[in-house]
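Visitor: Got a predicted structure here, sequence first:
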Amino acid sequence: MPDFIQPPDPEGFRRWNRDHKDMRLRRKVMSEREAVKRFIKSGDYLGFELYGTVRCPLSVVREIVRQGPRRLRLAGQGLMDVDFLLAAGLVESMDITYVGYEAYGLSPILRRSVESGSLHLTEWSNAALAWRFKAAAMGVPFLPARSMLGTDTFSYSNAKSITDPFTGLKVALLPALTVDCGVVHVHRADIYGNCQLDGISGFALEMARASKRLIVSAEHIIETEEILKRPEKTAIPFYLVDAVVHAPFGSHPGETCYLYARDEPHIKSYLESAKSAQGMRQYLDRYVYGVESHRDYLDLIGLRRLRHLVRERGR
Amino acid sequence: MSERYSAIEMLVCLSARQMKGRSTVFIGTGMPMLAAALAKRLYAPELLPVFEFGGVGSTLDKLPLGVGESRTFQRAFAALGICDVMETAQRGLIHDGFLGGAQIDPYGNLNTTVIGPYSRPKARLPGSGGGNDVGSLCWRTIILMRHEKQRFVPKLDFLTTPGYLDGPGARERAGLPAETGPHRVITDLGVFDFEPRGKRMRLISLNPGVRLRDVEASTGFPFPVSRRLARNSAPTRLELETLREKVDPGRVFLA
């Protein structure tokens, strides 16, 4: 069994929540730059939700690349989020479930990182990773599951199997996964961090509750009155959140459902660039290092393109 | 009536025919999406496609490019989350899972993790994603594969997703849910089921123009052949037109 990248620590997480989480209502709106500076440090274990091309907090990811914290550890369900950080040389290890572009093929960046031996990986399935967040969210050290058993995915993970004392069935035990800083992109948040999301919820609810620190980027900042009218829509309540970043088109070149579509030409040309290390450097130079803020990035993409993506939504 | 068609088109049409009369299908990325979209238009309008990030019951009017994309819940009955969908499979509500893979072995185990040794791979592939969960938790797994010798191997470089593991009873011994496992392997050359006793894949039908020795030459291990070896019909004009003009007009997968 490989060493834990982030060992389960339910007692430590309880103490953290007691000592560091602020239950008071206070304004948390800040820029990507301030949020990353305050809440992400070298050596941190990070998680992003949803992933790569779908409601992904890429404006925050680009800011992390610019600030360049080192030796990051990641929960690796991702595409461009993981790839940008890998290509920038900021990642030491990853609990991986899937890094790839589905219809558009493999990730050339993941390939280069792994095949050169510079990245330490531990394998999981998608459900296993989501249930690990759920265990941390529940405050328990592990959850039993009936997946992963009998495979190399299991052998190369940190899961264990035991015989259930009640039924005699053999089950996999998935260790709780707490992230040092989680980053989630949502449709709407108020200034205190009450968040609403539309469409599929991926693993947002579980990871938000498994995060020691949580940065939320939101397409729209809404009045708290809107939250109070429909409290059942609050998927992530304010007391879980440390920073609220206003990031319209924050998931570009990915999509945010009902608001804007994936930027297919951009994603295809990005993947073309990513085929070589030099091409990837040029991409990062232009779209990440070459801009100072998300606002600059949107200027670079251009209003015409963004309006087009809004029209393309749902088509 | 025969029209020219590609290997992928043959494979997708065969897979769509497998979805006739089916209810809940867990859809993996790639060819399973095409097959489900075709089946929903031609063979199984009530098919309920389930996607791992939470989409349940999309019309699939537009082909999703990924399993979390908004088209996986376009005009759908529910947009849930990954835990909810996976737990639905774990409690036995999802009948069939449709998956692809880079390598398959005689027991229907799949590799989507690495080619070559794990510590120094020749190629790093994406990883399990939801594949392992679908292969573990659905009642039956239906596997879609391009039929090439380097993909049909006696031993996988990495066992990502469970088929029958190393033979009869192995899934139950490992703790996987009872009465589950691979049901069919559909390829561009033919269709396999699994021998009830040995749990090894067995050829049950050949695609048009394909001879038994073609399959043998493209398979890296010996396999039993059904005594009633059937012949699959070529894609019909309706299937091909629907696939090319309605399902994937942008040729994202068919290219």
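Guide: It's in. Please read these numbers as outputs of a predicted model, since none were measured by experiment. Residues are numbered from 1 along each chain as shown, chains lettered A, B, ... in the order given.
Visitor: excluding its backbone neighbours, what's nearest the residue nearest to the spatial centre of chain A?
Guide: Nearest to the mean C-alpha position of chain A, by C-alpha atoms, centre = their mean, lies A:F48 at 0.4 Å. Sequence neighbours aside, A:D81 is the residue nearest to A:F48 in space, at 4.4 Å (criterion: C-beta to C-beta, 6 or more residues apart in numbering or on different chains). Just so you know, the C-beta spots here come from the backbone N, C-alpha and C atoms, and that holds for glycine as well.
Visitor: show me what contacts that neighbour?
Guide: A:F48, A:Y51, A:G52, A:C56, A:P57, A:L58, A:V61 (C-beta atoms under 8 Å, 6 or more residues apart in numbering or on different chains).
Visitor: Identify the bridge partners of the first one.
Guide: The one in question is A:F48. A:V183 (DSSP bridges).
Visitor: My guess is it contacts A:C56. True?
Guide: Yes: counting by C-beta atoms under 8 Å, A:C56 is a contact partner of A:F48 at 6.3 Å.
Visitor: re earlier: from the contacts of A:D81, which shows the smallest pLDDT?
Guide: Ranked by pLDDT, the contacts of A:D81 bottom out at A:G52, which has 87.
Visitor: Grab the nearest non-local neighbour of A:Q6.
Guide: Nearest non-adjacent residue to A:Q6, counting by C-beta to C-beta, 6+ apart: A:Y45, 4.5 Å away.
Visitor: Could you measure from that neighbour over to A:N17?
Guide: Per C-beta to C-beta, to the nearest Å, A:Y45 is found 16 Å from A:N17.
Visitor: more crowded one of the two?
Guide: Counted by other C-beta atoms under 10 Å in any protein chain shown, A:Y45 and A:N17 do not tie: A:Y45 has more neighbours, with 21 against 14.
Visitor: gap between that one and A:V288?
Guide: Taking C-beta to C-beta, one finds A:Y45 at 22 Å from A:V288.
Visitor: Next: A:T122.
Guide: To A:V288, A:T122 is 27 Å away according to C-beta to C-beta.
Visitor: likewise A:L72?
Guide: 15 Å.
Visitor: who's more crowded, these two?
Guide: Counting neighbours by other C-beta under 10 Å for A:L72 and for A:V288 shows that A:L72 has the greater number, 24 against 19.
Visitor: Just the element for the nearest residue to B:G129 once chain neighbours are set aside, please.
Guide: Using C-beta to C-beta, 6+ apart and skipping the chain neighbours, the partner closest in space to B:G129 is A:Y98 (3.4 Å). Counting by DSSP states H and E, the element that carries A:Y98 is strand A:91-99.
Visitor: what ranges do the strands span in the stretch 51-200 of chain B?
Guide: In the stretch 51-200 of chain B, the strands defined using DSSP state E, counting those that start in this stretch lie at B:55-56, B:78-79, B:96-100, B:103-104, B:110-111, B:114-115, B:123-124, B:140-145, B:181-187, B:190-194.
Visitor: could you give the mean pLDDT of the first one?
Guide: Put plainly, it is strand B:55-56. Here strand B:55-56 scores 96 as its mean pLDDT.
Visitor: Could you tell me which residues of the stretch 151-300 of chain A lie near chain B?
Guide: Applying C-beta under 8 Å from any C-beta of the partner chain, we find that the stretch 151-300 of chain A lies next to chain B at A:151-153, A:156, A:161, A:169-172, A:198-206, A:255, A:257-258, A:261-262.
Visitor: Among those, name the ones in helices.
Guide: If you go by DSSP state H, these have A:D152, A:T153, A:A204, A:L205, A:E206 in helices.
Visitor: What residues does the residue nearest to the centre of chain A make contact with?
Guide: With contact taken as C-beta under 8 Å, 6+ apart, A:F48 is in contact with A:C56, A:P57, A:V61, A:L74, A:A75, A:G78, A:D81, A:V82, A:G182, A:V183, A:V184.
Visitor: Out of those residues, the closest to B:T180 would be?
Guide: Lowest distance from B:T180 to the contacts of A:F48 (C-beta to C-beta) belongs to A:A75, with 27.7 Å.
Visitor: so what's that closest one up against?
Guide: A:A75 neighbours (C-beta under 8 Å, 6+ apart): A:Y45, A:L46, A:G47, A:F48, A:M94, A:D95, A:L129, A:F133, A:L177, A:V179, A:M207.
Visitor: and those, which are buried?
Guide: Among the contacts of A:A75, the ones that count as buried by 16 or more other C-beta atoms under 10 Å in any protein chain shown are A:Y45, A:L46, A:G47, A:F48, A:M94, A:D95, A:L129, A:F133, A:L177, A:V179, A:M207.
Visitor: can I assume the third one is in contact with A:V179?
Guide: When you say that, I think you mean A:G47. Yes: judged on C-beta under 8 Å, A:G47 makes contact with A:V179 at a distance of 4.2 Å.
Visitor: I believe B:A39 is in a strand; please confirm or correct that.
Guide: No: counting by DSSP: H, G, I helix; E, B strand; the rest coil, B:A39 falls outside a strand, being helix.
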